[in-house]
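K.L.:
requesting a structural model of the entry that follows:
(one chain, ligands or ions: 1)
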Amino acid sequence: MKYKSIRGTRDILPEEARKWQYLEKVAREIFQKYGYEEIRTPIFEVTELFQRSIGDDTDIVTKEMYTFLDKKGRSLTLRPEGTAGIIRAVIENNLYRQKRITRLYYLGAMYRYERPQKGRQREFYQIGAELIGPDNPASDIEIITLTLELFHVLGLKNLTLYLNSVGCPRCRARYRESLKDYFKDKIKMMCTDCQHRYSLNPMRILDCKEEGDRVYIEKSPKISDYLCQDCQEQFEKVKEYLHFLKIDYTLDPYMVRGLDYYTKAAFEIKYEGLGAQDTLAAGGRYDRLVHDLGGPDLPAVGFALGVERVMEVIDKEKISLPSGVQTDVYVATLGEEALKESIKLIRELRHENLKVLNDFNPTSLKAQLRQADKWKAKFVLIIGEEELSGKRATVKNMSTGGQESVPFSELKGYLLRNCS
Ligand code: HAM
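P.N.:
Numbering: from 1, shown residues only. Just a heads-up that it's a prediction; the model follows:
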């Protein structure tokens, strides 16, 4: 085999694509119910957009971006996530001027040059939403409940909602100092990435996955002890509303998220038992990003889920999604004249929204019936010389095995009655 898909990318073959379509359908229905409208932004943007929003010292920006120069020497990057591009589009198109609250959702491929492993790819798909305008903690709850509802409708269980507040620049300045203090005599024992993070942004150390480093991280100061009054109050309200709705959560004081734009409440939803890459969805509030990217002072909150990871859980839990593979009618023909007649017939039946399939180079009836079986056809129309001269088709009911002779003129009605 000469050509292969690039490491970290994969083909979504028809059987899997059908499941994806179902997930997308469920997501779209929920978004619609909550008043979210779809936005589609380009797959690449100027590199600076991601540097400014995701943050210069994050792993995503320093190691994982697919960055290239275009023919005019401009630095462009394949989007590693959706939020930055959407906020750019909201500002550029003045979307926030039309309504007091902007609710957007998106589906699409994202690109990160990570080490591929189960649940982690270089091209992966996200479904996400952004709620721009409100700063009330009730809007954090809308995003969290929407995400949970999506998982609930899909039938996902064993999920844990992890919650933290990452504060605002004011609380973070004090917190960073305390982290520097705490890690001062430990950092030489930690990984080189952490040593780098120590001087650039010590909060990033908390994101380190190295076993040896986790020992130190788990005893480090917690941001909850450094939150300013505003952040503290916001976080308390989010927790209060979750209690009010009887939604369980677990506090994770060391969750810092891999992107710098977050402020205040952040969350992750994990499926226990998926291995290292067990976060199905994540998000949180980002009150400064719109302003930082040149827009007005608008708070926002959002989330994104990883489609591949959700699919993995669906497979693992053996959740059967509607397959949609059934065919209403398979048309089997014998001879050139019958094939010609079938073209007209198939066209008419498809106009009635029936799913109709056939073979373009039909061989024996037996082979065509085998195909009909593979496509899970409910009925097979058999058209041979005899049928042509009598202007009738033999209709075989594939579940009972029974056969009937139906005039061409009555086929449409017969099939519509019996296929529903
Ligand atoms: P994130 O945590 O970087 O957040 O990604 C969200 C989800 O995308 C993850 O929880 C995971 O399911 C999936 N994901 C991330 N990287 C990979 C990968 N390499 N392979 C497979 N799946 C992956 C964001 O991207 C934010 N933009 C979410 C957000 C929206 N926050 C506010 N609004």
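
K.L.:
quick check: residues of the chain near the ligand?
P.N.:
Within the chain, the positions adjacent to the ligand are 81-83, 112, 114, 119-121, 124, 126, 128, 130, 258-259, 279-284, 302-306, 308-309 by C-beta under 6 Å from any ligand atom. No exception for glycine: its C-beta is placed from N, CA and C like everyone else's.

K.L.:
buried members of those residues into ChimeraX, please.
P.N.:
Remark: buried members of the residues of the chain next to the ligand, expressed as a ChimeraX selection using 16 or more other C-beta atoms under 10 Å:
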select :81,82,83,112,114,119,120,121,124,126,128,130,258,259,279,280,281,282,283,284,302,303,304,305,306,308,309
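
K.L.:
for Gly82, list the residues it contacts.
P.N.:
41, 106, 108, 110, 126, 128, 304 (C-beta atoms under 8 Å, 6 or more residues apart in numbering).

K.L.:
measure the fourth one to Ile319 for me?
P.N.:
Going back to what we said before, that points to Met110. Here the criterion is C-beta to C-beta, to the nearest Å. By it, Met110 lies 24 Å from Ile319.

K.L.:
what do you get for the third one?
P.N.:
As for Gly108, its distance to Ile319 is 24 Å (criterion: C-beta to C-beta).

K.L.:
over to the fifth one?
P.N.:
Applying C-beta to C-beta, one obtains 20 Å for the distance of Gln126 from Ile319.

K.L.:
any weak-confidence spans in the chain?
P.N.:
Applying pLDDT under 70 to the chain flags residues 323-324.

K.L.:
how is it carved up into domains?
P.N.:
Annotated domains of the chain cover 14-168+228-316, 327-419 [automatic domain parsing].

K.L.:
strands of the stretch 251-400 of the chain, start to end?
P.N.:
For the stretch 251-400 of the chain, the strands defined by DSSP state E, counting those that start in this stretch occupy 265-271, 279-285, 300-306, 327-333, 356-358, 377-383, 392-397.

K.L.:
so which residues make contact with the second one?
P.N.:
So that's strand 279-285. Applying C-beta under 8 Å, 6+ apart, the contact partners of strand 279-285 are 128, 140, 143, 147, 151, 156, 159, 166, 234, 257, 262-271, 274, 299-306, 309-310, 313.

K.L.:
Gly275: neighbouring residues, count only.
P.N.:
Residues within reach of Gly275, counting by other C-beta atoms under 10 Å, total 11.

K.L.:
now it: closest residue in space that isn't a chain neighbour?
P.N.:
Excluding its sequence neighbours, the residue lying closest to Gly275 (C-beta to C-beta, 6 or more residues apart in numbering) is Lys118, at 5.8 Å.

K.L.:
report the contact partners of that neighbour.
P.N.:
275-277, 312.

K.L.:
now Leu163
P.N.:
Applying C-beta under 8 Å, 6+ apart, the residues contacting Leu163 are 238-239, 242, 249-252, 255, 265-267.

K.L.:
change it to 7 Å
P.N.:
By C-beta atoms under 7 Å, 6 or more residues apart in numbering, the contact set of Leu163 is 249, 251-252, 265, 267.

K.L.:
quickly find the element holding it.
P.N.:
Using DSSP states H and E, the element containing Leu163 is strand 159-165.

K.L.:
moving C-terminal from that strand, which element do we reach first?
P.N.:
Of the helices and strands lying after strand 159-165 in sequence (DSSP H and E), the nearest is helix 169-183.

K.L.:
name the residues that touch that following helix?
P.N.:
167, 198, 202-203, 205, 220-221, 223, 226-228, 231.

K.L.:
kindly reformat those residues as a markdown table containing neighbour count and secondary structure.
P.N.:
As requested, those are exported to a markdown table (neighbours: other C-beta atoms under 10 Å; DSSP: H, G, I helix; E, B strand; the rest coil):
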| residue | neighbour count | secondary structure |
| --- | --- | --- |
| Gly167 | 27 | coil |
| Tyr198 | 19 | helix |
| Pro202 | 22 | helix |
| Met203 | 20 | helix |
| Ile205 | 27 | helix |
| Ser220 | 17 | coil |
| Pro221 | 16 | coil |
| Ile223 | 26 | helix |
| Tyr226 | 21 | coil |
| Leu227 | 24 | coil |
| Cys228 | 16 | coil |
| Cys231 | 23 | helix |
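
K.L.:
which residue ranges of the stretch 51-200 of the chain form helices?
P.N.:
Using DSSP state H, counting those that start in this stretch, the helices of the stretch 51-200 of the chain run over residues 59-63, 83-92, 95-98, 137-154, 169-183, 192-200.

K.L.:
sorry, back to before: just the buried ones from the contacts of Leu163?
P.N.:
The neighbour-count test (16+ other C-beta under 10 Å) marks 249, 252, 265, 267 as buried among these.

K.L.:
max pairwise distance over these: which two?
P.N.:
The distance between the two most remote of the buried ones among the contacts of Leu163 (C-beta to C-beta) is 11.9 Å, for Asp252 and Ala265.

K.L.:
returning to what we had before: dump the strands of the stretch 251-400 of the chain to a markdown table, plus distance to Thr47.
P.N.:
Output for the strands of the stretch 251-400 of the chain, formatted as a markdown table (distance: least, C-beta to C-beta, whole Å):
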| stretch | distance to Thr47 |
| --- | --- |
| strand 265-271 | 25 |
| strand 279-285 | 23 |
| strand 300-306 | 21 |
| strand 327-333 | 48 |
| strand 356-358 | 47 |
| strand 377-383 | 52 |
| strand 392-397 | 61 |
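
K.L.:
among these, which is nearest Pro407?
P.N.:
With C-beta to C-beta, the closest approach to Pro407 among the strands of the stretch 251-400 of the chain belongs to strand 392-397: 5.0 Å.

K.L.:
good, wrapping up.
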